[in-house]
Structure formats: structure tokens, C-alpha cells
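# Take a look and give me a structure for this.
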Amino acid sequence: MSRRPPARRRPRKRSRAARRQDPFVLGVAAVVAISLFVTVVNWLLAHWWILLIAFVLAAIGAGLWFHQKAQRAKWERVRAQGLRYQLSQIDALHHRQFEHAVRDLMKRDGCADAVQVGGAGDNGADVKATDPFGRRWVIQCKHRRAGLAGAAVGTPDLQKLNGTGRQIHYGDVIVMVTNGRFSSKAHPFARDQRLHLVDRRLLGEWAAGSRPLWELLNRIPPPRRSSSLQ
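Numbering: from 1, shown residues only. The predicted structure follows:
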């Protein structure tokens, strides 16, 4: 014969006394909390000068914090405006650091929204920025540890950038930048497809801080808006 499963126990109901005790406990807790609050308020009112001192100290602390924050922002702007790179420094960078350096150079020249986006699934863009004239820049970076002695950047890389720079990233100015060199076929392809090439020589001039990149390149699209830097 099969055994019958044990009967499930029903939860025991709370007694009436326990249910009556809950509102009483809550009431006592509320009275204690109110009494404590009233006591603290009365003490502070009797010692109002403590509140005044606390308010003054808080105001001084907040003022110092905002002042330090403003000073840090000011010095960061000064540092960014004075940013310079030598080609030897650029050669020593990791390829991801090179992308960050290009982003910082764009910020130095007035592109406040410059951002490094390179990585898996970047669709050919490593840096994107909007210049003071409203033009959207899409930049791909090719770092060569050996500089000019490294492999030349050729048309396959340019073809990928050309296929995504405008269609996916909606760029107005599509740029390939390298601390090395471009192949002989890269220049005519870039010219035909309205791409801009920044080789080692031009990168060195730009990184030295002489002029922003849009003043160093030819055939740049016209501004979308007037510049606040003028």
C-alpha cells in the first residue's frame, strides 16, 4: 500500500493579544521619536549660536570647494591650450594612447566634444569631434612604433574609412592620421573620395601647436556656423 503524504501544517494565526499589541508598540515608538525631535529642536533654539557657527562653517566649506573646482578647471584649460607633442613622444605611445593624444589635440584646438571611440566595433572611427565651425570630424588613427620605417597605410584602410565615415558616422571631414607614411596609391584614392591624410610631417606640425588641423588641410568643407573663437 502507498503511504499517504503528510498533511501540510496550516500557519498558526496570531493571537488577538498580539494583534492588539502592534498599534500600541507603534504608538510608543512614535511618541518617543516626537519627544526626541522636540528635545533636539528646543536645545538648538536655546543654543542658536551653534546653528549659526555650523551654517558659517558650511558656507565657508562650500565656498572653498567651488573655488578649488574653478581653479582646477582653469588650470586644466591652460594645460590643454598649451598641449604639445614631439614626434618622438608620439612614436613611444601605445596605439590606444595615440588615439587619446589625437583626441586631446582636437580639444586643444577648440573641439569641446572630442571623444575617443576606437575599439571593437568602432566602424572605422577612432576619434570624433565637432570643430568651432560646426563641422563634424571623423578620424581614424594608425600608429606605427617604427614611425616612417613602419608599414605604409594603404588603400584597404582608406576604403574602410570611406565606407563608414559619412554613411555611419555622418562626418563632414573624414581624416586618416598616422605617425608613419602612406602608400603611393593612398593619395590619389583619398583625393578622389574626399578623404584627408595626415602623415608624419603634417602630424608633427599639428602636434607642435602651430595651427589647428583645419588650417593645415586643403579642401576642407565650408563652416556650418560662425566660430566663437574668432
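
# for this structure, what spans make up the helices?
Applying DSSP state H to the chain gives helices spanning 16-46, 48-81, 87-91, 95-108, 155-164, 186-192, 200-207, 213-216.

# Can I get those in TSV including distance to residue 136, mean neighbour count and mean pLDDT?
C-betas here are computed from N, CA, C, even on glycine. Listed next are the helices of the chain as TSV, based on distance: least, CB to CB, whole Å; neighbours: other CB atoms under 10 Å; pLDDT from 0 to 100:
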stretch	distance to residue 136	mean neighbour count	mean pLDDT
helix 16-46	57	10	77
helix 48-81	21	10	74
helix 87-91	25	15	96
helix 95-108	12	20	96
helix 155-164	13	18	95
helix 186-192	18	15	97
helix 200-207	19	18	97
helix 213-216	12	18	96
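
# out of those helices, nearest to residue 123?
Nearest to residue 123, of all the helices of the chain, is helix 155-164, at 4.6 Å by CB to CB.

# hey, C-alpha coordinates of that closest one in PDB?
C-alpha atoms of helix 155-164 as PDB (Å, rounded to 0.1, in the frame of the first residue of the first chain):
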ATOM      1  CA  THR A 155      44.100  51.900 -49.700                       C
ATOM      2  CA  PRO A 156      42.400  49.000 -47.800                       C
ATOM      3  CA  ASP A 157      42.300  51.100 -44.600                       C
ATOM      4  CA  LEU A 158      41.100  54.100 -46.500                       C
ATOM      5  CA  GLN A 159      38.400  52.100 -48.200                       C
ATOM      6  CA  LYS A 160      37.000  51.000 -44.800                       C
ATOM      7  CA  LEU A 161      37.100  54.600 -43.500                       C
ATOM      8  CA  ASN A 162      35.500  55.800 -46.700                       C
ATOM      9  CA  GLY A 163      32.700  53.300 -46.300                       C
ATOM     10  CA  THR A 164      31.700  54.400 -42.800                       C
END
